[in-house]
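S.K.: Could you work out the structure for the sequence below:
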Amino acid sequence: QVRLVESGGGLVQAGASRRLSCAASGRSFSEYTMGWFRQLPGRERTFIAAIDVSGGRTFYADSMKGRFTISRDNVKNTLYLQMNSLKPEDTAVYYCAAVAAYGNGWQPCCDYGGQGIQVTVAS
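M.R.: You can find the predicted model right below:
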């Protein structure tokens, strides 16, 4: 069965760091460009970052550059999102997914995405 499972969320204090993981199974993870999205309360899901199949190229939403870093380990079949200097406005549900370029951005694709994980940043 195809699965992507996020972990590493929870409650964190403002200013802290947290690394999210997305463990893949059921498909050839290394064949997919992967990405992270988040959905703030009452808002639409927005793109954070993407990484190519080798991990050699990364792409970020302008607003996410600097504090967020995407990476992957194709041996462990895991995608990561390192989040630093977290702010209360980063409180959201974070999702990993296979992605494809669409217009000037990225969209989930391939029916290959996780269920999401809550990150709550306390002030």
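
S.K.: Residue 87 contacts residue 121, doesn't it?
M.R.: Yes. Contact criterion C-beta atoms under 8 Å: residue 87 and residue 121 qualify, at 6.0 Å. No exception for glycine: its C-beta is placed from N, CA and C like everyone else's.

S.K.: Can you point out the buried residues in the lengthiest strand in the chain?
M.R.: If you go by DSSP state E, the chain has its longest strand at strand 92-102. Buried positions in strand 92-102, judged by neighbour count with 16 or more other C-beta atoms under 10 Å: 92, 93, 94, 95, 96, 97, 98, 99.

S.K.: Next one, pLDDT for the third one please.
M.R.: At residue 94 the predicted local distance difference test score is 98.

S.K.: what about residue 63, is that helix, strand or coil?
M.R.: Following DSSP: H, G, I helix; E, B strand; the rest coil, residue 63 is assigned to helix.

S.K.: any weak-confidence spans in the chain?
M.R.: Counting by pLDDT under 70, the chain has low-confidence residues at 1-2.

S.K.: show me where it has strands.
M.R.: 3-7, 10-13, 18-25, 34-39, 45-51, 58-60, 68-73, 78-83, 92-102, 105-113, 117-122.

S.K.: Deepest in the core, which of those is it.
M.R.: strand 34-39 (a mean of 24; mean count of other C-beta atoms under 10 Å).

S.K.: Dump it to PDB, restricted to CA.
M.R.: Coordinates of each C-alpha in strand 34-39 appear next as PDB, following Å, rounded to 0.1, in the frame of the first residue of the first chain:
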ATOM      1  CA  MET A  34       8.700  15.700  -3.200                       C
ATOM      2  CA  GLY A  35       7.400  18.700  -1.300                       C
ATOM      3  CA  TRP A  36       6.000  20.100   1.800                       C
ATOM      4  CA  PHE A  37       2.800  22.200   2.200                       C
ATOM      5  CA  ARG A  38       1.000  23.600   5.200                       C
ATOM      6  CA  GLN A  39      -2.500  24.700   6.000                       C
END
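
S.K.: Given that strand, what are its sheet partners and their directions?
M.R.: strand 45-51 (antiparallel), strand 92-102 (antiparallel) (DSSP bridges).
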